[in-house]
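heads up, no residue letters with this:
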């Protein structure tokens, strides 16, 4: 089934992204766990869009303010997740190699979150809205 394959690939993507994040923290030459604060951004990023999808009727073709605000807030959260490791590296709390690993993990995780919404975001019989 295509949905099972998509779910397995999304799980693999999440695991790979978290692996890069953990490598940026736990490798002996880095050994700083400040980058784990980006986990908050991973949790916060889908929340505005999920709330907006619940509040907005999708039948109209024009964009509305609620959805636009949700996309704006989500974009701010994602940009903050990419900026935080760079700020940590500039403040010399973490090394630049750890910053690169965390940024790679961010890319993979946010691509996985986007893939989840593309695969399970439709209003068919098997969708994330029913969970």
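Yep, that arrived. In this text the structure is predicted, and so the values were computed from the model without any measurement.

the residue nearest to residue 81 when sequence neighbours are not counted: what's it in contact with?
The shortest distance from residue 81 to any non-neighbouring residue, by Cβ to Cβ, 6 or more residues apart in numbering, is to residue 41 (3.6 Å). Yep, even glycine has a C-beta here, placed from its N, CA and C like the rest. Counting by Cβ atoms under 8 Å, 6 or more residues apart in numbering, residue 41 touches 77-78, 80-81, 84.

strands of this structure, start to end?
Taking DSSP state E as the test, none of the chain falls into strands.

pLDDT below threshold where in it?
57-62, 122-131 (pLDDT under 70).

now the helices for it?
2-26, 38-44, 47-55, 65-90, 96-120 (DSSP state H).

I'd like the ones you listed as JSON lines, with distance to residue 32 appended.
Output for these, formatted as JSON lines (distance: least, Cβ to Cβ, whole Å):
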{"stretch": "helix 2-26", "distance to residue 32": "7"}
{"stretch": "helix 38-44", "distance to residue 32": "13"}
{"stretch": "helix 47-55", "distance to residue 32": "28"}
{"stretch": "helix 65-90", "distance to residue 32": "8"}
{"stretch": "helix 96-120", "distance to residue 32": "7"}
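
just the ones you listed: most buried one?
Compared across these, helix 96-120 shows the largest average neighbour count, a mean of 19 (mean count of other Cβ atoms under 10 Å).

ok, of the contacts of residue 41, which one's closest to residue 66?
Checking these against residue 66 by Cβ to Cβ gives residue 77 as the nearest, at 16.7 Å.

any idea how far that closest one lies from residue 38?
According to Cβ to Cβ, to the nearest Å, residue 77 and residue 38 sit 10 Å apart.

for the residue nearest the centre of the chain, what are its contacts?
Nearest to the geometric centre of the chain sits residue 110, at 3.3 Å (Cα atoms, centre = their mean). Each residue near residue 110 by Cβ under 8 Å, 6+ apart is listed here: 45, 78, 81.

good, we can wrap up now.
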